[in-house]
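Asker: Sharing a model that was predicted from the sequence below.
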Amino acid sequence: MHDTTLTALAAGLAAGEFSSRELTQALLARIERLDGELNSFITLTAEQALDAADQADAARAAGNAGPLTGVPLALKDLFCTEGVRTSAGSKMLDTFVAPYDATVVEKLKAAGTVSLGKTNMDEFAMGSSNENSFYGAVHNPWHRNAVPGGSSGGSAAAVAAGLVPAAMGTDTGGSIRQPAAFCGITGLKPTYGRVSRYGIIAYASSLDQAGPMARTAEDCARLLTAIAGHDLRDSTSVARGVPDYTQELDAPLAGLRIGLPREYFGEGLDPAVERAVREAIGVFETLGATLREVSLPHTHYAIPAYYVIAPAEASSNLARYDGVRFGHRCDAPADLTDLYKRSRAEGFGEEVKRRILMGTHTLSEGFFDAYYKKAQQVRRLIRQDFLDAFDEVDVLMGPTSPTPAFDLGAKKDPVSMYLQDIYTIAINLAGIPGISVPAGFVGGCPAEGRPAEGRPVGLQILGTHFAEARLLNVAHQFQQATDWHLRRPAIAEETL
Amino acid sequence: MALEHADVLRAAHLARLGLDDDEAAHYLDDLGHILTMVDQLQSLDTEGVAPLAHPLETTQRLRADEVTESDQRERFQRCAPAVEQGLYLVPRVVE
């Protein structure tokens, strides 16, 4: 039951092959038994899950089931969930029980889905390895000594290991796509404004976006249909109709114009990753697509621009953690300033402090124009690169990450970690959608007795603003022609 | 633009983030590397390029000036570290 797609589970529930309670119990048992090895969950909500499963079964019995009724999933611990601890992976929010549901959570509940719990993540979504969590690192299901990617590392690992068929993630600079690539699953970052950010703990507000992580593009399409849409409580959410994203999945790709950004195949790209990605792209030619090289000339400036804009927004967003209204509070403060300073010093981890300091510095008097204004100007140039490219081609393709999953503890200095996001970060600056799909493996691991496969590689597919249906169609057609997305790590094959 | 120890302490104070001298020295090093990376931006000519604050450049929506929130003080104060009679408790500010 665990080793299948959300789409297949939804069909099984609809056909009465098993109940949502049976499915929920089976997955909860797997998590209890196996997650000790992965640490992909921060909080398991077994009781609430079984209640929700019973409600879903009752709705189905009454003839009120929708396409996702009774389907289990997990939520990155950045989504506020009423009555459940919502930690953002931080000591600051270790005891924070959210008083309301994020819009995404509200919509998933209304669709009848069953959340099994909250997944591990880099603190406040700041990281590319999930090593910045107050609750400890997450281990990659393919190789325990490798990172799962970040910041939605727990969501990716849980899906890859067959603990849940799908999980929600968020993506500010690659935090859905990169862990999806590292764990061999499918992850979609929608267009900025497509999914409401209400109730998602803010990191960088002009970049943050939530999206689905699952086995297949088809599963992602079902979930995006459920969570997308305008929300009056998020002033940046876009008033635009939500299609049924499963409708265009089967459209043929003949005539599809694919652009290969030359800057995404240059220096720093692991040659084995490049081979896998080029081979995957070759599959599209057999499906009738045409390839052409394009240029995104400002690619090189995306990471520098991001590391001004994102920390600046973060330093402002995280000012709310003051030890007064919610979150960690230090003992016996001498005065109000001491209360602020010590509560924040004790509650935040190292990377979060680094970004708060960075953002505060670049926004401070005398530095603002040289850094923040400059970065915003560069941001416009980066977005224009994509708009120009999409005048010529329908989608862009390249690697999601320059390397496969690296080992835990391998990236010690912040800049080398930041450079991991070279192919994902510009997408958030431009606000366009992107999806990562499994596209092969590199290296082997004979020491662990799994010689064949090695570490997963992700193919990233990009489209212009609001082109999610096209991306899902392209990804789905690839998954009809290949079976990389069906490969499983050993842990996913374990039965209880 | 070289970063100095005093810049780190100033940012920490502005951010109300407790930081001792040793920690400031550690962050000085890190932030120095990050700023060196960020300084690549300076090599790009952006004369006349309008800053982009938001990827979709939408305008803020307006709505009627009506109360739409209900009073949920008790509920929201349940997650506060210290409250009394509906008030948030902080150290004495005025002597």
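Answerer: Thanks, I have the structure now. Residues are numbered from 1 along each chain as shown, chains lettered A, B, ... in the order given.

Asker: give me the number of residues near the residue nearest to residue A:20 when sequence neighbours are not counted?
Answerer: The shortest distance from residue A:20 to any non-neighbouring residue, by Cβ to Cβ, 6 or more residues apart in numbering or on different chains, is to residue A:70 (3.0 Å). Where you see a C-beta, it was placed from the backbone N, CA and C, and this is true even at glycine. Neighbourhood size, residue A:70 [other Cβ atoms under 10 Å in any protein chain shown]: 29.

Asker: Report the contact partners of the nearest residue to residue B:4 once chain neighbours are set aside.
Answerer: Leaving out its chain neighbours, the residue that sits closest to residue B:4 by Cβ to Cβ, 6+ apart is residue B:28, at 7.6 Å. If a contact means Cβ atoms under 8 Å, 6 or more residues apart in numbering or on different chains, then residue B:28 has B:3-5, B:8 as its contacts.

Asker: where along the stretch 201-350 of chain A do the helices fall?
Answerer: In the stretch 201-350 of chain A, the segments counted as helices under DSSP state H, counting those that start in this stretch are A:217-227, A:271-286, A:302-317, A:336-347, A:350-363.

Asker: by contact count, what packs against the first one?
Answerer: The criterion is 3 or more Cβ pairs under 8 Å, 6 or more residues apart in numbering or on different chains; DSSP states H and E, and the helices and strands that helix A:217-227 contacts are helix A:6-14, helix A:103-110, strand A:166-170, strand A:186-189, strand A:210-214, strand A:434-442, helix A:468-481.

Asker: Convert the C-alpha atoms of the fourth one to CSV, please.
Answerer: Output for strand A:186-189, consisting of C-alpha atoms alone and laid out as CSV, is shown next (Å, rounded to 0.1, in the frame of the first residue of the first chain):
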residue,chain,number,x,y,z
THR,A,186,8.9,15.1,-8.2
GLY,A,187,8.6,18.6,-6.8
LEU,A,188,6.8,21.7,-8.3
LYS,A,189,7.4,25.3,-7.3
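
Asker: That strand: partners in the sheet, and parallel or antiparallel?
Answerer: Using DSSP bridges, the strands paired with strand A:186-189 are strand A:210-214 (antiparallel), strand A:434-442 (antiparallel).

Asker: Settle this for me: residue A:46 is touching residue A:28, isn't it.
Answerer: Yes: between residue A:46 and residue A:28 there is a contact under Cβ atoms under 8 Å: 5.2 Å.

Asker: Just name the most buried of the helices of the stretch 201-350 of chain A.
Answerer: The highest mean neighbour count among the helices of the stretch 201-350 of chain A, using mean count of other Cβ atoms under 10 Å in any protein chain shown, belongs to helix A:217-227: a mean of 26.

Asker: Looking from chain B, tell me which residue of chain A is nearest.
Answerer: Taking Cβ to the nearest Cβ, chain B has its nearest neighbour within chain A at residue A:431, 2.4 Å off.

Asker: That residue and residue A:380 touch, don't they?
Answerer: No: when contacts are counted by Cβ under 8 Å, residue A:431 is not listed as touching residue A:380 (11.5 Å).

Asker: Looking at these two, which one has more neighbours?
Answerer: More neighbours surround residue A:431 than the other of residue A:431 and residue A:380, with 25 against 21 (other Cβ under 10 Å).

Asker: From residue A:381, how far off is that one?
Answerer: Per Cβ to Cβ, to the nearest Å, residue A:431 is found 14 Å from residue A:381.

Asker: Please apply the same query to residue A:203.
Answerer: Counting by Cβ to Cβ, the gap from residue A:203 to residue A:381 is 23 Å.

Asker: and these two? which has more neighbours close in?
Answerer: residue A:203 (27 against 19).

Asker: Show the contacting residues for the more buried one.
Answerer: A:124-126, A:170, A:172, A:310, A:313-314, A:317.

Asker: which of those residues come close to chain B?
Answerer: With the criterion set as Cβ under 8 Å from any Cβ of the partner chain, no member of the contacts of residue A:203 is near chain B.

Asker: What is the nearest of these to residue A:247?
Answerer: Closest approach to residue A:247 among these (Cβ to Cβ): residue A:170, at 25.8 Å.

Asker: wait, that closest one sits on residue A:75?
Answerer: No: assessed by Cβ under 8 Å, residue A:170 is found out of contact with residue A:75, at 10.1 Å.

Asker: higher neighbour count, the two?
Answerer: residue A:75 (29 against 26).

Asker: now the residue lying farthest from the centre of chain A: how far from residue B:18?
Answerer: Each residue of chain A has a distance to the centre, and by Cα atoms, centre = their mean the biggest one is for residue A:334: 41.1 Å. Distance, residue A:334 to residue B:18, using Cβ to Cβ: 12 Å.

Asker: same check, this time on residue A:413
Answerer: Per Cβ to Cβ, residue A:413 is found 24 Å from residue B:18.

Asker: same deal with residue A:274?
Answerer: Residue A:274 sits 46 Å away from residue B:18, taking Cβ to Cβ as the criterion.

Asker: repeat for residue B:65
Answerer: Applying Cβ to Cβ to residue B:65 and residue B:18 gives a distance of 41 Å.

Asker: So which of those two has more stuff around it?
Answerer: residue B:18 (20 against 5).

Asker: Give me the residue at the spatial middle of the chain.
Answerer: Using chain A. residue A:176 (1.9 Å).

Asker: um, chain B though
Answerer: Compute the mean C-alpha point of chain B, and by Cα atoms, centre = their mean the closest residue is residue B:15, 6.6 Å away.

Asker: contacting residues around the nearest residue to it once chain neighbours are set aside?
Answerer: Residue nearest to residue B:15 in three dimensions, not counting chain neighbours: residue A:360, with 4.3 Å by Cβ to Cβ, 6+ apart. Shown in contact with residue A:360 (Cβ under 8 Å, 6+ apart): A:315, B:11-12, B:14-15.
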